[in-house]
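Enquirer: please find the sequence and the predicted model below.
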Amino acid sequence: MAAAEERGPGSWLDADVNKASLTARKLLQDWDVTTPEQDAVHKAKNTSDTGSVVRTRFPPEPNGYLHIGHAKSMNMNFSLAFKKLGVPPERRETVFRYDDTNPEAECDEYIKSINEDVKWMGWTPTRTTYASEGFHDLYALAIKLIEAGNAYVCFQKSEEIEVCREVAKKHAQARSKGLKPGDAEWPEGDPCSPYRETSVEENLKLFNDMKLGKFDEGVACLRMKMDMTSSNLNMFDQVAYRVKYVGHPHIGDEWCIYPTYDFTHCVQDALEDIDFSICTLEFETRRESYYWLLHHLNLFKPMVYEMSRLNISYVVLSKRKLLKLINTGFFHGWDDPRMPTISGLRRRGYTASALNRFCEDIGVTRNENLIEYDRLQEIFRQDIDDTAKRCMAVLRPIKVTFTNFDDATVPKSREVADFPQKPEGESPTHTVNLTPTVYIDAADFRTEDDKEYYGLAPGKWVGLRYGPCIKCEEVKTSADGKEVLEIVATLANLPPDEKRPKGNIQWSPENGVTFEARLYDRLFLLSQVDDAIWEQQLNYESEVIITTAMVDPSILGADGKLPAAQTHFQFERIGVFVVDYDTNVEGGKLVMNRTAQLKASKPKSVEAPQKSAAEQEKDEKRKAEQRRQTELKKAMGNLDPKELFKQGEHVGKYSKYDDDGIPTHDAAGEALAKSAIKKLKKDMAKQVKTYTNAQKKK
């Protein structure tokens, strides 16, 4: 033991590798320490002309689309980890591995989208691997584990396994209090499976029977014989293999038994000669089980480092929550621009360089923290500043007709810089043309003026951005007077007092391009989302669509065609927009997503635009729904959890309940499926949390 401790984890690494920068908790056992023989083999396979290679891996599970948290993991495994370790580029390697061990949740769509996202983010792996392509090796190692007496076939049902684990927890808690078996206060029960001591020969036969499909799903599984006396729950004889009669999306239907993540992950790290296995902090308690398996299989032992997961304000990254929002129709799909998925962020207009800069900027830490979403937007604005052409646009156009256009001696055109932040003469330009009719934004007009307002009002002069001054002479409205249809105005270089007004408003000429503006905002109303009531905190105005917006024709290409998808523009005073994939260049339909609002605060000349009757009705419905949700939350806070499934929508659905109030049988007396009970237990857990929190506040 002394020699092993003296060697320590990462003993094979060259002296110039700063392994201390990615060193975390050391195990009490020596399971995480390699042998001299393992070091020699590893170094021989990883030495090149430029020195010893250092290898990381990016191992997503293809059970959903990658999100911004995965972007942080990619940045760490392809770049930041090596910088921390002091490893030069020529000695860096990163393996891109699909941890595809759960065929029920995986599909080709996810596999392809992950591959596309890795490429789009700019990362080039040394090689791409699939855990499923190594199933024969994994099966052989499972046999080796059985032969060494370290694994057994178990016929306990999942509920029975859970009962044993609860006993093991109670025993661990008792030991922490100084109790031992035989003491009067020692908890009752046996934590071990009754199949734990089955002979090696019988286990080999049973495991082969599992492979041959002789057992139904859920009847038999292979478990690792770990340590049921441990204080670490992940040492309670984890499942290594289970029966699943599901074809695999990558390798087909060769297998009816599949290895679990806990069995596969560490073994694949060893087989792929990974030096640093980097994961998030929720996996820290798996450190013991990770090294236990490698130790008992006598495999190479990578160094393990856990970092805090990415938490962003106004965002959730749970695949379960995101999928629910898709299935309920709140999201349009995995690439909805409000989605925190890489596909969604890309469609919204974020660039790979901005996402990578964001990940680099926030760095890694072992402390949980909340990153402000505004930080990402600021980095994006900086990233796009020199490439997003400026032009004027109006979201809710109001027609303005000039009565003296032909007679007015005012400039009718002007050259404007595409990138005004650049030194004079260095930016390309576009021409802004004044026309007899223009369109201004509804946010820049009021029927009643006041001294704090710098927009247009009846009888008032304002300046046109890059143009002369105008005065509102007449306002034409709808029959009910609620909607402004047209403004009649006059033009002049300056008002009669020869002073340029403080207010300057943007506009579009009459030949402006009509487009559909999709305005995106925060997904949730609160920065930190409450898991218990997260759906009630959704921002139902996170997407606002305006179909009649207008933009200056300078947005068109030299051939007069609409810009291509993913082209960025900065609309003055409104925000940075990107051309959406729904744009039809040949058909003349332009759709643009607002990626980010401008950093500057809203000027006094801008007020909230007048909303249409339909928009006002939508607002009222939203407010009514928020009031309903508030009342519901209050009512749920007073509802005893045991009564949850006996009231409201649940009345008449169930006939029997357990002691905690969870239904066990439907109205006809039939026992509920395990999956149904599992879901009901989750709903009950939420209600217990809601009720407990509400009672504390009384």
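Expert: Ah, there it is.

Enquirer: so how far is residue 20 from residue 75?
Expert: Distance from residue 75 to residue 20, counting by C-beta to C-beta, to the nearest Å: 21 Å. Placement of C-beta: from N, CA and C, glycine included.

Enquirer: just to be sure, residue 655 is in a strand?
Expert: Yes - note on residue 655: a strand contains this position according to DSSP: H, G, I helix; E, B strand; the rest coil.

Enquirer: what's it in contact with, if anything?
Expert: Contacts for residue 655 (C-beta atoms under 8 Å, 6 or more residues apart in numbering) come out as 665-669.

Enquirer: let's see that with 6 Å instead.
Expert: Counting by C-beta atoms under 6 Å, 6 or more residues apart in numbering, residue 655 touches 665, 667, 669.

Enquirer: nearest residue to it other than its sequence neighbours?
Expert: residue 665 (5.0 Å; C-beta to C-beta, 6 or more residues apart in numbering).

Enquirer: and the one you found, what pLDDT?
Expert: Here, the pLDDT recorded for residue 665 equals 88.

Enquirer: quick one: the strands in the stretch 51-200 of the chain, in order.
Expert: 51-52, 54-58, 92-98, 127-130, 151-154 (DSSP state E, counting those that start in this stretch).

Enquirer: show me what the second one is in contact with.
Expert: When contacts are taken as C-beta under 6 Å, 6+ apart, the neighbours of strand 54-58 outside the stretch itself are 74, 77, 81, 87, 91, 93-97, 274-276.

Enquirer: residue 516 versus the closest residue in space to residue 580 that isn't next to it in sequence, what's the distance?
Expert: Sequence neighbours aside, residue 591 is the residue nearest to residue 580 in space, at 4.2 Å (criterion: C-beta to C-beta, 6+ apart). Distance of residue 591 to residue 516, computed by C-beta to C-beta: 5 Å.

Enquirer: more neighbours, residue 75 and residue 20?
Expert: residue 75 (23 against 9; other C-beta atoms under 10 Å).

Enquirer: just the pLDDT at that one, thanks.
Expert: 97.

Enquirer: ok, now which ones touch it?
Expert: 356, 359.

Enquirer: all strands for the stretch 501-650 of the chain, in order.
Expert: With DSSP E, counting those that start in this stretch as the criterion, the stretch 501-650 of the chain has strands spanning 504-505, 507-509, 513-520, 543-551, 568-571, 575-579, 591-596.

Enquirer: tell me if I'm right that residue 365 and residue 308 touch.
Expert: Yes - with contact defined as C-beta atoms under 6 Å, residue 365 reaches residue 308; the gap is 5.5 Å.

Enquirer: those two - which one has more neighbours?
Expert: Legend: neighbour count by other C-beta under 10 Å for residue 365 and residue 308, higher for residue 308 (15 against 10).

Enquirer: quick check: the more buried one touching residue 281?
Expert: Yes - using C-beta under 6 Å, residue 308 makes contact with residue 281 at a distance of 5.5 Å.

Enquirer: please enumerate the shared neighbours of these two.
Expert: What both residue 308 and residue 281 touch, as defined by C-beta under 6 Å, 6+ apart, is an empty set.

Enquirer: pLDDT-wise, which helix or strand of the chain ranks last?
Expert: Taking mean pLDDT, DSSP states H and E as the measure, the helix or strand of the chain with the lowest value is helix 2-7, at a mean of 51.

Enquirer: which other helices and strands does the helix or strand just after that helix contact?
Expert: Beyond helix 2-7 on the C-terminal side, the first helix or strand identified by DSSP states H and E is helix 36-45. Applying 3 or more C-beta pairs under 6 Å, 6 or more residues apart in numbering; DSSP states H and E, one finds that helix 36-45 contacts no other helix or strand.

Enquirer: mean confidence score for whichever helix or strand comes after helix 36-45?
Expert: Downstream of helix 36-45, the next assigned helix or strand under DSSP H and E is strand 47-48. Mean pLDDT, strand 47-48: 81.

Enquirer: stretch 63-71 too?
Expert: Computed over stretch 63-71, the mean pLDDT rounds to 96.

Enquirer: now the end-to-end length of it.
Expert: 16 Å (C-alpha to C-alpha, to the nearest Å).

Enquirer: which one in this structure is furthest away from the centre?
Expert: Within the chain, the residue lying farthest from the chain centre (C-alpha atoms, centre = their mean) is residue 407, at 57.8 Å.

Enquirer: tell me if that residue really is in a helix.
Expert: No - per three-state DSSP, residue 407 lies outside any helix segment and is coil.

Enquirer: and it, how far from residue 571?
Expert: From residue 407 over to residue 571 the distance is 32 Å, taken as C-beta to C-beta.

Enquirer: over to residue 55?
Expert: 46 Å.

Enquirer: now the strands of the stretch 501-650 of the chain in CSV, please, with extra columns for distance to residue 181 and mean neighbour count.
Expert: Below are these laid out as CSV (distance: least, C-beta to C-beta, whole Å; neighbours: other C-beta atoms under 10 Å):
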stretch, distance to residue 181, mean neighbour count
strand 504-505, 82, 22
strand 507-509, 82, 23
strand 513-520, 60, 20
strand 543-551, 60, 18
strand 568-571, 68, 23
strand 575-579, 66, 24
strand 591-596, 62, 23
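
Enquirer: and the ones you listed as CSV, adding distance to residue 296 and mean pLDDT?
Expert: Converted to CSV, the strands of the stretch 501-650 of the chain look like this (distance: least, C-beta to C-beta, whole Å; pLDDT from 0 to 100):
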stretch, distance to residue 296, mean pLDDT
strand 504-505, 74, 94
strand 507-509, 71, 97
strand 513-520, 51, 97
strand 543-551, 52, 97
strand 568-571, 54, 97
strand 575-579, 53, 97
strand 591-596, 51, 98
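
Enquirer: and these: which comes nearest residue 377?
Expert: Checking the strands of the stretch 501-650 of the chain against residue 377 by C-beta to C-beta gives strand 591-596 as the closest, at 4.3 Å.

Enquirer: helices or strands up against that closest one?
Expert: Helices and strands touching strand 591-596, by 3+ C-beta pairs under 6 Å, 6+ apart, are helix 373-384, strand 513-520, strand 575-579.

Enquirer: could you redo the last one with a cut-off of 8 Å?
Expert: Packing partners of strand 591-596 (3 or more C-beta pairs under 8 Å, 6 or more residues apart in numbering; DSSP states H and E): helix 342-348, helix 373-384, strand 513-520, strand 575-579.

Enquirer: out of the ones you listed, which is closest to residue 287?
Expert: Nearest of these to residue 287, taken as C-beta to C-beta: helix 342-348 at 28.6 Å.

Enquirer: give me the helices and strands touching that closest one, please.
Expert: The contact analysis (3+ C-beta pairs under 8 Å, 6+ apart) places helix 342-348 against helix 68-75, helix 108-120, helix 352-362, strand 591-596.

Enquirer: right, so of these, which gets closest to residue 171?
Expert: helix 68-75 (35.7 Å).

Enquirer: contacting residues around residue 344?
Expert: Residue 344 neighbours (C-beta under 8 Å, 6+ apart): 65, 334-338.

Enquirer: out of those residues, who has the most neighbours?
Expert: residue 65 (25 neighbours).

Enquirer: gap between the two ends of stretch 426-439?
Expert: Note: stretch 426-439 ends 30 Å apart using C-alpha to C-alpha.

Enquirer: that stretch: how far from the chain's middle?
Expert: Offset of stretch 426-439 from its chain centre (C-alpha atoms, centre = their mean, to the nearest Å): 40 Å.
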